[in-house]
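>>> my questions concern the predicted model and sequence given below.
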Amino acid sequence: MNHGTQIAKNAAWLMAATTGQKIIAFLVFTLIARWVGVEITGRYFFAVSVTSVFVILTDLGMTPVVIRELAADAERGLCALKRALIAKAFLIPLTVALTMTYALLTQGSTQDWVAIGLACFVMSADAVSLIWYGAIRGKRQLRYEALGMFVGQFLTAIVSLTAAGLLHAGVNGLIVALMAGSFWNVGWSIWRAKKLGVHVAGLTPWPWKDLFIAALPFALAGIFVKVYSYVDTLLLKQFHDATAVGYYAIAYKVTYAFQFMPLAFVAALYPGLSAVHASGDREGLKRVVQGSLRLMIVIAAPLSAALSAFSVRVIPLVYGEAYRGSVVVLGVLAWVLIPIFLDFPIGSLLNATHRAGKKTMAMGITMVVNVVANILLVPTHGPIGAAWAGFLSFWVLFFVGVWFVRHDLDLAWFARLFGKGLLTAVFVWLAILYPFASLSLPVAILLAMALALGLLIGLGLVGKEDMAFVRSWVGKGKK
């Protein structure tokens, strides 16, 4: 099986599972947000955000190293995995202590402290499953991760709906629901990894120095991305209140619910690129990256435009009038999907070709831009200020990344691709806001989809070979 086919097969498995996972998560979050109201939604989102910032300290870039090494050399990767497991035994309790110290220093309410304390159990379990799922990715058997993620989300959904709808357990009940899925993922990931031959007994672990040097760029990148992903929520809670966080949480959840698409693809792309690079096939590497970028712009351009333009109609309909404050936030935040989608293949290329330092630098620049923008905008403008800060920082991340891989890409080809993608997005956005605005929502959505597909085909972003591939893939799925 060639590299492109292997990547496509793995991506298809993970895409199918994560699509189901995100649909379940979206439906459950929508119901819960309507049931519990803006304030409890905001408190829940804040507690999860705090642990989401600190969770990077439980891994410090070790999982990407394990994935890369297992994809390139199985024995070397297992030795790296053994050292990473030893390191996590120390990092997880240390991170829990730091998280609770932050919770106490911010002088939140007792309710916030308890919620963050419960979320630390989720954080710890996720830290364990992360490294074992990383081992599975390194073996390039992503169907097992796909199934585990789906079942974990299903368990979380059942417990969440029970906690919010029947028991009225509030924030703490929702976090306990996250535990159910996280603990499942721990057991499943370890069991499946062992079944795939991931055994570290009897092996000599990597020297601490070697793991530290290899993981440092990934660790810094992880810290940077956590800071610029969640500093907005922490500042909103500090300068405003849980209601402001609740408005922002809805727009954030809706926007980033679609991030599973590039995440699923890159889960297969990263080890695939590592293997292609190890084989010395430069032309193959270039073809895979260009194909990945084209796929990302085809998905992201119409998606961003539709989310932004439909926000004024969808938010009140789905979440209720109480969340109308989220409309303008989603209208801005939706546009971050284009740079986010395009940056995933660029970042994977840098990491797979042992240039993680440049990716780290890009994320460091983005973090500085994001923190400064949030400090300037959030105190006075609240959730919409946080949305503009995110918009600015993710476009900076994308353009810095393009600069770093300029010698790996045909820049003229990429400029044409990017321009066609933006043109598609603008036409779809304008059509939804004006000629389609008077139509019923289902009709407007269908017409927007038809317009987007027509533009993608007309501009050459989608060709006959793409349609043939989709038909053949669907056909195989029916057999």
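Great, that's in hand. Numbering: from 1, shown residues only.
>>> OK, contacts around residue 230?
Counting by Cβ atoms under 8 Å, 6 or more residues apart in numbering, residue 230 touches 49, 50, 52, 53. C-beta: built from backbone N, CA, C; applies to glycine.
>>> wait, which of those residues is closest to residue 287?
Closest approach to residue 287 among the contacts of residue 230 (Cβ to Cβ): residue 52, at 35.5 Å.
>>> can you tell me the closest non-neighbouring residue to the closest one?
In space, and not counting its chain neighbours, residue 52 is closest to residue 230: 5.7 Å by Cβ to Cβ, 6 or more residues apart in numbering.
>>> also residue 333?
The spatial neighbour of residue 333 that comes closest, neighbours along the chain excluded (Cβ to Cβ, 6+ apart), is residue 387 at 4.4 Å.
>>> name the helices or strands packed onto the helix or strand containing that neighbour?
Residue 387 is located in helix 356-404, with elements delineated by DSSP states H and E. On a contact count with 3 or more Cβ pairs under 8 Å, 6 or more residues apart in numbering; DSSP states H and E, helix 356-404 meets helix 208-239, helix 242-256, helix 327-333, helix 337-352.
>>> with just CA atoms, put the last one into PDB.
This file holds the C-alpha atoms of helix 337-352, laid out as PDB (Å, rounded to 0.1, in the frame of the first residue of the first chain):
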ATOM      1  CA  LEU A 337     -11.300  28.100  10.300                       C
ATOM      2  CA  ILE A 338      -9.600  28.900   7.000                       C
ATOM      3  CA  PRO A 339      -6.200  29.600   8.600                       C
ATOM      4  CA  ILE A 340      -6.600  26.800  11.100                       C
ATOM      5  CA  PHE A 341      -7.400  24.200   8.400                       C
ATOM      6  CA  LEU A 342      -4.600  25.300   6.200                       C
ATOM      7  CA  ASP A 343      -2.100  25.400   9.000                       C
ATOM      8  CA  PHE A 344      -2.500  21.800   9.900                       C
ATOM      9  CA  PRO A 345      -0.700  20.400   6.800                       C
ATOM     10  CA  ILE A 346       1.900  23.100   7.100                       C
ATOM     11  CA  GLY A 347       2.600  22.300  10.700                       C
ATOM     12  CA  SER A 348       2.600  18.500  10.000                       C
ATOM     13  CA  LEU A 349       5.200  19.100   7.300                       C
ATOM     14  CA  LEU A 350       7.500  21.000   9.600                       C
ATOM     15  CA  ASN A 351       7.200  18.500  12.400                       C
ATOM     16  CA  ALA A 352       7.600  15.400  10.200                       C
END
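>>> so, low pLDDT: which residues of the stretch 151-300 of the chain?
Applying pLDDT under 70 to the stretch 151-300 of the chain picks out residues 260-285.
>>> and the helices in the stretch 101-250 of the chain?
110-138, 142-161, 170-195, 208-239, 242-256 (DSSP state H, counting those that start in this stretch).
>>> which positions in the last one come out as buried?
By neighbour count, and taking 16 or more other Cβ atoms under 10 Å as the criterion, the buried residues in helix 242-256 are 242-256.
>>> and the contacts of it?
Here helix 242-256 has contacts from 26, 29, 33, 37-43, 45-46, 232-233, 236-237, 307, 311, 315, 319, 323, 325-326, 329-330, 333-334, 336-337, 382-383, 386-387, using Cβ under 8 Å, 6+ apart.
>>> narrow these to just the buried residues.
Neighbour-count burial (16+ other Cβ under 10 Å) applied to those gives 29, 33, 37-38, 40-43, 45-46, 232-233, 236-237, 307, 311, 315, 319, 323, 325-326, 329-330, 333-334, 336-337, 382-383, 386-387.
>>> what sits against the spatially most distant residue from the centre of the chain?
For the chain, the residue at maximal distance from the C-alpha centroid (Cα atoms, centre = their mean) is residue 202, at 35.5 Å. Applying Cβ under 8 Å, 6+ apart to residue 202 gives no contacts.
>>> roughly how far apart are it and residue 441?
For residue 202, the distance to residue 441 equals 61 Å [Cβ to Cβ, to the nearest Å].
>>> again with residue 397
33 Å.
>>> how about CSV for the helices and strands packed on helix 356-404, with distance to residue 294 added?
CSV is the format used below for the helices and strands packed on helix 356-404 (distance: least, Cβ to Cβ, whole Å):
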stretch, distance to residue 294
helix 208-239, 25
helix 242-256, 22
helix 327-333, 25
helix 337-352, 10
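>>> so which of these is nearest residue 170?
helix 242-256 (12.3 Å).
>>> with only the CA atoms kept, save the closest one in CSV.
Extracted C-alpha coordinates of helix 242-256, given in CSV (Å, rounded to 0.1, in the frame of the first residue of the first chain):
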residue,chain,number,x,y,z
ALA,A,242,-19.7,33.6,33.8
THR,A,243,-22.4,35.0,31.5
ALA,A,244,-19.8,36.6,29.2
VAL,A,245,-17.9,33.3,29.2
GLY,A,246,-21.2,31.5,28.3
TYR,A,247,-21.8,33.7,25.3
TYR,A,248,-18.2,33.1,24.1
ALA,A,249,-18.4,29.4,24.9
ILE,A,250,-21.3,28.9,22.4
ALA,A,251,-19.5,30.6,19.5
TYR,A,252,-16.2,28.8,20.5
LYS,A,253,-17.9,25.4,20.6
VAL,A,254,-19.7,25.8,17.3
THR,A,255,-16.6,27.0,15.5
TYR,A,256,-14.1,24.5,16.9
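>>> specify the angle between that helix and helix 170-195 in degrees.
30 degrees (axes from the mean of the first three to the mean of the last three Cα atoms, to 10 degrees).
>>> contacts for stretch 301-321, please.
Around stretch 301-321, the neighbours that count as contacts under Cβ under 8 Å, 6+ apart are 30, 33-34, 250-251, 254-255, 258, 323-324, 326-328, 330-332, 334-338, 421-422, 424-426, 428-429, 432-433, 441, 444-445, 448-449, 452, 455-456.
>>> ok, back up a step: scan the contacts of residue 230 and report the most crowded one.
Neighbour counts for these (other Cβ atoms under 10 Å) peak at residue 50, which has 26 neighbours.
>>> tell me which element that one falls in.
helix 3-54.
>>> next SSE downstream of that helix?
Counting by DSSP H and E, what follows helix 3-54 is helix 62-72.
>>> give me the domain ranges for this protein.
1-206, 272-479 (automatic domain parsing).
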